[in-house]
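>>> Below is the sequence, then the predicted model.
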Amino acid sequence: LVLELAADGVLVFVLLLNAVLGQNGWSVTYTSTHICALKGSTVDIDCSYSYPNDRNRGIMVQERFWFIRNEYYGPVDLRTDPDYSHRIKHHFHENDCTLRITDLRERDSAEYKFRFITNQSDGSYTGSPGVTLTVTDLQVKRGKSSAHTELQCHSSCDVIDPPSYVWYKNGQKIKEEASSLRVSVGDDDSSYSCAIKGHEGYRSAAVCEKKNNTIFKVTVSPSNEFREGGAVTLTCSSDANPAATYVWYKINGRTPLSEERQLVFSSIQPSDSGQYYCTAVNKLGRKRSEYISINVNYAPKFVSVTVSPSNEFREGGAVTLTCSSDANPAAQYSWYKKNGQKPLSNERQLSFSSIQPSDSGEYYCTAQNKVGRKRSESTSIDVKCGDGYRLGCIRYRCQTGTFETVPVLKRCSNRCLKNEEHKLCPKTSHVQLFFFCKKITMLAFSAAIGHICSHSWLEAVLKQWKKHKLCPETSHV
């Protein structure tokens, strides 16, 4: 069988076989011996006939008709059948005997024969066997898998070249071409129907997919907190009857994780964090659970320190140390200097707005959350001295015999202050303050403690010096 489009666009399935039935010049020819048509559509049964062209006998056709049944008195003309009279039309022109039937019904399925009668006593003829007409209604058939319903648009007509189909959901067109449609089981209450493309007026009866109202529950053990390395069990349950089978999924994952009622993690890891759900399926349908979130907590990992700037630390510059880690929940940070007992800061960053040589040393941070604590490696900070000044002292004795001590400023090179003792600069790299006092004899001077590295601080020292009149008014720098 193949598809054929009749003159008015009606789709029928026909067997390509011309049947020439006759003898001695009497014949009836059917274009097709088997026709399959859709319920509600229109079909043309093509036919032609012939008889001997004998002018001497003067043969003339007196009666032509189609019939499907015989009574005791002979074949019954379809035009006299009330079930057909308003639905059939003959095309009797010359030797054409085509029959058209509209608004086909499934009870129209039968063998149709054409008969003509002439004015000769033996001049009647019936084309037998006739044309077998099968009227079918499209049907939507179901085929279920565990997660989907496979809907098939079905016809009882066997065809070699299948047609294209149109699918409808709740009366709205949703898809073309394929004879099958896959729908999720139990997701909603919807009706589905189909039609042959181009003949959408002859749809199948709708079938309904009912939403599954099964009571569904997912439980998790433990229910309060999930820590890395711990055991976690997710359990799926429902009140389905017959009993359901279960499948576990992780959201955005296509592959089932388990086809058991329980999904078990013997040693759960941070990578297992996410949202999970299960499905329950039985022969009546399928239902999906709500999502359940798994958030795996773990102690800080990969604790590290970054320093800015990262190349050189110069006296008076700004330096920032930043502590980082991977932790869930987020870690709290503390900063320490090696061999120091108290934390320098409880912030993620340790900042020096004006770093000093005394800040040189090794630093580390700790990251801590409710699961655990971890320390970073130590980071060394070596502060180089800038161009500054060192404050020393000169001790002198006046003529009165008393001793006085006054400050002396020495300029330092970048090589200074490289050790913790903060020794004075070499004698070759300092500027001494010389002063002259009446009745004062300078006897000796010795270096002492302290240093400064900014001009503003230097000016402040000089002001204090003059304020307290450590030197006579006649003294000068």
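Right, received. Where do you want to start?
>>> What strand or helix carries Ala330?
Applying DSSP states H and E as the criterion places Ala330 outside every helix and strand.
>>> got the domain boundaries for the protein?
When the chain is parsed with automatic domain parsing, its domains come out as 2-136, 139-209, 216-294, 298-384, 389-467.
>>> For those, please prepare TSV with the additional fields mean neighbour count and mean pLDDT.
From N, CA and C alone the C-beta is placed, and that goes for glycine too. Listed next are the domains of the chain as TSV, based on neighbours: other CB atoms under 10 Å; pLDDT from 0 to 100:
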stretch	mean neighbour count	mean pLDDT
domain 2-136	16	81
domain 139-209	15	76
domain 216-294	16	86
domain 298-384	16	91
domain 389-467	14	45
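>>> residues in contact with Thr98?
Shown in contact with Thr98 (CB atoms under 8 Å, 6 or more residues apart in numbering): 44-47, 90-91.
>>> again, 10 Å this time
The neighbours of Thr98, taking CB atoms under 10 Å, 6 or more residues apart in numbering as the test, are 7, 31, 44-48, 66, 89-92, 114.
>>> quick one, what contacts Val222?
To be clear, residue 222 is Pro; Val isn't right here. 230-233.
>>> and if we set it to 6 Å?
Residues near Pro222 by CB atoms under 6 Å, 6 or more residues apart in numbering: none.
>>> Next, please give the residue ranges for the helices of this protein.
Taking DSSP state H, the helices of the chain run over residues 455-467.
>>> ok, back up a step: turn the contacts of Thr98 into TSV, including distance to Arg100.
Output for those, formatted as TSV (distance: CB to CB, whole Å):
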residue	distance to Arg100
Ala7	9
Thr31	13
Asp44	5
Ile45	8
Asp46	10
Cys47	11
Ser48	15
Trp66	10
Lys89	5
His90	8
His91	7
Phe92	12
Phe114	13
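>>> quick check, nearest of those to Cys385?
Ala7 (106.9 Å; CB to CB).
>>> I'd guessed Arg64 sits against Phe116; true?
Yes: using CB atoms under 6 Å, Arg64 is in contact with Phe116, at 4.6 Å.
>>> hang on, the earlier thing: which among the contacts of Thr98 gets closest to Val218?
Asp44 (61.3 Å).
>>> so that closest one bridges to which residues?
Arg100 (DSSP bridges).
>>> how close does Ser193 sit to Cys157?
18 Å (CB to CB, to the nearest Å).
>>> ah, wrong one, I meant Gly274
Here Gly274 is placed at a distance of 50 Å from Cys157 (CB to CB).
>>> Ala110 now?
Ala110 is 16 Å from Cys157, by CB to CB.
>>> just Ser50 next, same as before
Ser50 sits 31 Å away from Cys157, going by CB to CB.
>>> How about Gly123?
Distance from Gly123 to Cys157, by CB to CB: 38 Å.
>>> ditto for Lys141
In terms of CB to CB, Lys141 sits 15 Å off from Cys157.
>>> same check, this time on Trp335
84 Å.
>>> What of Glu377?
Glu377 is 80 Å from Cys157, by CB to CB.
>>> Next: Gly171.
25 Å.
>>> Please apply the same query to Asn311.
85 Å.
>>> Ok, Thr98 next?
From Thr98 to Cys157 the distance is 21 Å (CB to CB).
>>> Then Glu177?
19 Å.
>>> which residues touch Glu200?
Val166.
>>> my bad, Leu257
248, 263.
>>> let's see 7 Å
Neighbouring residues of Leu257 by CB atoms under 7 Å, 6 or more residues apart in numbering: 248-250, 263.
>>> likewise Thr219?
Listed by CB under 7 Å, 6+ apart, the contact set of Thr219 reads Thr235.
>>> nearest spatial neighbour of Arg79, skipping sequence neighbours?
Ser85 (5.7 Å; CB to CB, 6 or more residues apart in numbering).
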